[in-house]
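Undergrad: model this:
(one chain, ligands or ions: 1)
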Amino acid sequence: MKVLNFGSLNLDYVYQMQHILIPGETQASKGRDIFCGGKGLNQSIALARAGISLYHAGMIGAEGDILLKTCRENGISTEFIRKIPDPCGHTVIQVDEDGQNCILLFGGANRSITREFADEVLDSFEKGDILLLQNEINELDYIIDKGYEKGMRIILNPSPYDDALDACDLTKVSLFLMNEIEGYQITGEKEPEAILKKMKERYPQAGAVLTLGADGALYQDETGIYQQGIFKVKAVDTTAAGDTFTGYFISSLIEGMPVQKGLEMAAKASAIAVSRPGAAASIPRREEVL
Ligand code: ADP
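TA: Now for the predicted structure:
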């Protein structure tokens with residue numbers, strides 16, 4: 001069984017702020033770091049650091065060599081990453097003194113996926129392989145349809161939520177991973193239990209992970225609902241908390257770990273990520289988590 005993550009690769013420009021800007025405000029930042037990120041790359045790194053060998057597929061711009069290097073350093077296969085003349089996908093991230101963040105996203109090369117490229121990538125995969133997706137690349141609906149036709153197991157982090165997801169046939173997804181906001185955007189429900197109930201009604205074929213920030217996480221499958229608390233840390237930067245949880249929880253499923261153990265490992269990994277600055281750079285390795 002092979003694992004493919006078809007997703008974004010971004011350069012993250014992270015600014016340290018006293019507080020997150022309000023409309024009309026000008027504020028000097030206290031510093032800036034540049035990190036490799038993107039939900040796609042973050043989740044690939046989390047999977048790789050959790051011990052899973054995988055392929056990342058996506059597109060990068062001319063300034064994206066550092067993204068390739070980061071993949072290789074993490075043992076992620078780069079044969080399906082294509083370089084094109086468009087600018088790289090990037091973000092401008094503000095982080096306040098409490099570790100809260102807000103993110104401006106520019107899609108760049110991540111929005112230049114063609115159907116031909118998607119076909120070429122998926123040609124190398126087959127029934128039973130895992131296809132992990134987020135909503136930071138274009139042609140998501142096409143990729144879901146094609147992956148499903150092949151019999152791949154589709155895992156979707158519907159983030160960030162927008163109209164592109166309405167065009168997707170989500171009945172083809174076998175596992176959703178989302179936070180409370182995305183849960184609300186998909187179901188129209190605010191309470192965690194109500195979100196899971198709606199997910200079960202609409203997508204009875206699928207499991208669902210609902211992360212609740214400092215309130216932990218819930219997981220639902222045909223055997224029931226599982227609850228997971230957090231591991232207390234000083235929050236420095238919550239960027240990539242959800243991506244870390246996603247990568248680690250999926251790794252536990254791939255390895256056939258009991259659900260509660262997998263949730264616990266994912267919560268430990270994301271607590272470590274929250275305690276450090278940056279996105280990809282903050283994702284811990286398996287030895288550290290254990
Ligand atoms: P996202 O980053 O997608 O918004 P969440 O904020 O829900 O995701 O966080 C994902 C997971 O990260 C949570 O389920 C929890 O395990 C962990 N986490 C988030 N915030 C904290 C925190 N302040 N302390 C410890 N763990 C946290």
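Undergrad: can you report how many residues neighbour the closest residue to the ligand within the stretch 51-200 of the chain?
TA: Residue nearest to the ligand within the stretch 51-200 of the chain: N179 (3.9 Å; Cβ to the nearest ligand atom). Where you see a C-beta, it was placed from the backbone N, CA and C, and this is true even at glycine. Residues lying near N179 (other Cβ atoms under 10 Å) number 21.
Undergrad: how about the residue nearest to it when sequence neighbours are not counted: which residues does it bridge to?
TA: Nearest residue to N179, sequence neighbours excluded (Cβ to Cβ, 6 or more residues apart in numbering): T211, at 4.9 Å. T211 has these beta-bridge partners by DSSP bridges: N179, A217.
Undergrad: circling back to that earlier point, for Y248, see how far away the residue of the stretch 51-200 of the chain closest to the ligand is.
TA: 15 Å (Cβ to Cβ, to the nearest Å).
Undergrad: circling back: ok, the residue nearest to N179 - how many residues close by?
TA: Counted with other Cβ under 10 Å, T211 comes out at 26.
Undergrad: that one is in contact with L177, isn't it?
TA: Yes: using Cβ atoms under 8 Å, T211 makes contact with L177 at a distance of 7.5 Å.
Undergrad: need the overlap of contacts for these two.
TA: Common contacts of T211 and L177 (Cβ atoms under 8 Å, 6 or more residues apart in numbering): G242, F245.
Undergrad: re earlier: from G256, how far out is the residue nearest to N179?
TA: With Cβ to Cβ as the criterion, T211 and G256 are 22 Å apart.
Undergrad: and what of V233?
TA: 29 Å.
Undergrad: wait, is L156 part of a strand?
TA: Yes: under DSSP: H, G, I helix; E, B strand; the rest coil, L156 sits within a strand.
Undergrad: any idea of the pLDDT on the closest residue to the ligand within the chain?
TA: Closest to the ligand within the chain is G242: 2.1 Å, counting by Cβ to the nearest ligand atom. Note for G242: predicted pLDDT of 96.
Undergrad: after the helix or strand containing it, which helix or strand is next?
TA: Per DSSP states H and E: G242 is located in helix 241-254. Downstream of helix 241-254, the next assigned helix or strand under DSSP H and E is helix 259-274.
Undergrad: give me the mean pLDDT for that next one.
TA: 98.
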